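1. Everything below, folded, please.
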Amino acid sequence: MARILVNLLSFTGTKGGMETYARELYRVMGELGPEHEYIGYGSTEFMTLDHSWFPGRVIDSGVSGENRWIWAFGELFLVAREARRQKADLIHSPMTLGPWRSRVPAIYTMHDMLYFRSPDLMATPFYTKPVQWMEKRASGNASFIITDSQASADDIEFYLDFPADRIVVTPLGATPPASSITPAETRQRDLFLAVGNRLPHKNFAGLVRAWAHIPQDERPRLIVTGSRGDDPLRPIVTELGLEQWVELKSWVSNEELDWLYANASALMVANFSDGYCLPALEAMLMDLPVLMSDIPVYHEVGGDAVGFFDPADPDSIAATVLRACREPEWLAGLAAIGRERVKPVTWTRTARMTLDVFARTLADPRRAKKIR
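-> Sure, this is the predicted structure:
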């Protein structure tokens with residue numbers, strides 16, 4: 001049996017996809033790898049959340065994941081100290097960052113390299129250089145780096161100068177919907193959906209502006225969920241006079257989100273860059289057609305189950321939406337292909353691949369360790 005310290009300092013209830021990954025991965029890890037002892041090292045925010053999904057005991061680090069400087073100190077130094085204190089055999093950091101140096105072998109799941117690939121699109125530019133530095137330091141301490149897609153693996157090799165044979169792609173899973181699937185013919189054909197926080201690389205402003213390029217007599221409704229506090233999209237909606245067509249929602253409940261996935265005509269994903277796309281997988285599980293940016297990682301995720309557009313061209317986005325409105329049979333075809341594509345996409349697969357990386361590291365931790 002191995003004792004594994006799981007670094008959950010970044011888990012605060014506000015990090016979206018990375019938290020979904022950690023939660024769904026470890027929900028099944030205990031079943032598939034019961035021979036291991038898992039110890040969660042949680043932020044103060046994490047300790048207030050439901051963590052019944054974690055397959056082991058959880059330690060309160062006393063570190064706030066929302067205080068960036070205290071959190072950074074915790075990632076760099078305290079995780080390694082706790083691993084020594086707990087006599088752990090392995091550290092897993094499932095949310096990109098972690099110790100810059102540790103005696104205990106460490107595995108990092110780095111979901112993307114957006115701070116390197118798209119630094120101009122990060123929400124807080126002054127934070128970019130420190131994160132780049134932390135990712136560099138983490139890679140120097142890593143036995144292996146796990147990532148979600150081959151596109152991200154290529155970026156990790158390029159930007160971090162990390163050996164390709166120590167990067168393992170473990171595609172993400174998708175959680176089956178709680179609600180029943182709505183037949184295409186009963187969906188609301190004039191309703192399109194977009195989900196996520198308002199980080200600049202997600203291009204929600206460009207998506208909303210593209211809605212103004214759709215003729216009014218054919219313009220469908222767009223619901224955009226995921227904002228917290230004052231929505232930065234609201235002035236754009238007002239400026240363009242789109243109040244009748246664009247509805248901005250805050251963070252919605254799981255029940256409301258399920259209803260939207262079950263009733264919308266299509267999911268819109270207009271990102272400029274990404275490491276993967278969980279919402280697209282979840283949409284395919286719901287028979288919800290997906291319309292996405294024409295970027296390499298989304299071809300990996302969606303293949304021929306997706307309708308692609310140029311995220312930088314509002315006319316391209318508008319034309320794709322118009323085609324979806326005018327050709328419901330095209331959308332139905334995308335949904336059918338997506339239904340087949342998503343069948344092997346499970347968190348069990350992701351967990352098995354992750355446990356294999358753990359086993360490779362534990363079998364020979366000194367050889368696996370990358371020293372710089």
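2. hang on, Thr14 in a helix?
-> No. In this structure, Thr14 is coil, not part of a helix, as judged by DSSP: H, G, I helix; E, B strand; the rest coil.
3. how far away is it from Leu355?
-> 28 Å (CB to CB, to the nearest Å). Using the backbone N, CA and C atoms, a C-beta is placed for each residue, glycine as well.
4. Those two: which has the busier surroundings?
-> Leu355 (16 against 13; other CB atoms under 10 Å).
5. For the stretch 251-372 of the chain, which segments are assigned as helices?
-> Taking DSSP state H, counting those that start in this stretch as the test, the helices found in the stretch 251-372 of the chain are 254-263, 278-285, 296-302, 314-326, 328-341, 347-363, 365-368.
6. export those to a markdown table and tack on distance to Arg166 and mean pLDDT?
-> Formatted as a markdown table, those follow (distance: least, CB to CB, whole Å; pLDDT from 0 to 100):
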| stretch | distance to Arg166 | mean pLDDT |
| --- | --- | --- |
| helix 254-263 | 37 | 88 |
| helix 278-285 | 25 | 93 |
| helix 296-302 | 20 | 95 |
| helix 314-326 | 38 | 97 |
| helix 328-341 | 29 | 94 |
| helix 347-363 | 10 | 96 |
| helix 365-368 | 8 | 58 |
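7. Could you check those helices and tell me which one is nearest Ala83?
-> Across the helices of the stretch 251-372 of the chain, Ala83 has its closest neighbour in helix 365-368 (12.5 Å, CB to CB).
8. Next up, the contacts around Asp231.
-> Asp231 makes contacts with 198, 248, 250, as judged by CB atoms under 8 Å, 6 or more residues apart in numbering.
9. hmm, try it at 7 Å
-> If a contact means CB atoms under 7 Å, 6 or more residues apart in numbering, then Asp231 has Leu248 as its contacts.
10. swap in Ile70?
-> Applying CB under 7 Å, 6+ apart, the residues contacting Ile70 are 63-64.
11. Quick one, grab the pLDDT at Pro183.
-> For Pro183, the pLDDT comes out at 58.
12. just the helices of the stretch 251-372 of the chain: most buried one?
-> helix 278-285 (a mean of 24; mean count of other CB atoms under 10 Å).
13. How far away from the center of its chain is it?
-> 12 Å (CA atoms, centre = their mean, to the nearest Å).
14. nearest residue to Met18 other than its sequence neighbours?
-> Using CB to CB, 6 or more residues apart in numbering and skipping residues adjacent in sequence, the residue nearest Met18 is Met95, 4.6 Å away.
15. SS state for the one you found?
-> coil.
16. Count the residues that sit near it.
-> Met95 has 23 nearby residues by other CB under 10 Å.
17. what's it in contact with, if anything?
-> When contacts are counted by CB under 7 Å, 6+ apart, Met95 touches 10-11, 15, 18, 22.
18. Now the phi/psi pair for it, please.
-> Note on Met95: its backbone torsions stand at phi -130, psi 50 [degrees, to the nearest 10].
19. That one and Tyr127, how far apart?
-> Taken as CB to CB, the span from Met95 to Tyr127 is 16 Å.
20. Please apply the same query to Ala210.
-> The value you get for Ala210 to Tyr127, if CB to CB is used, is 29 Å.
21. Please say which of the two ends up with more neighbours.
-> Counted by other CB under 10 Å, Ala210 and Tyr127 do not tie: Ala210 has more neighbours, with 24 against 13.
22. Could you pull out the strands in the stretch 151-300 of the chain for me?
-> 167-169, 191-194, 221-227, 246-250, 266-269, 290-293 (DSSP state E, counting those that start in this stretch).
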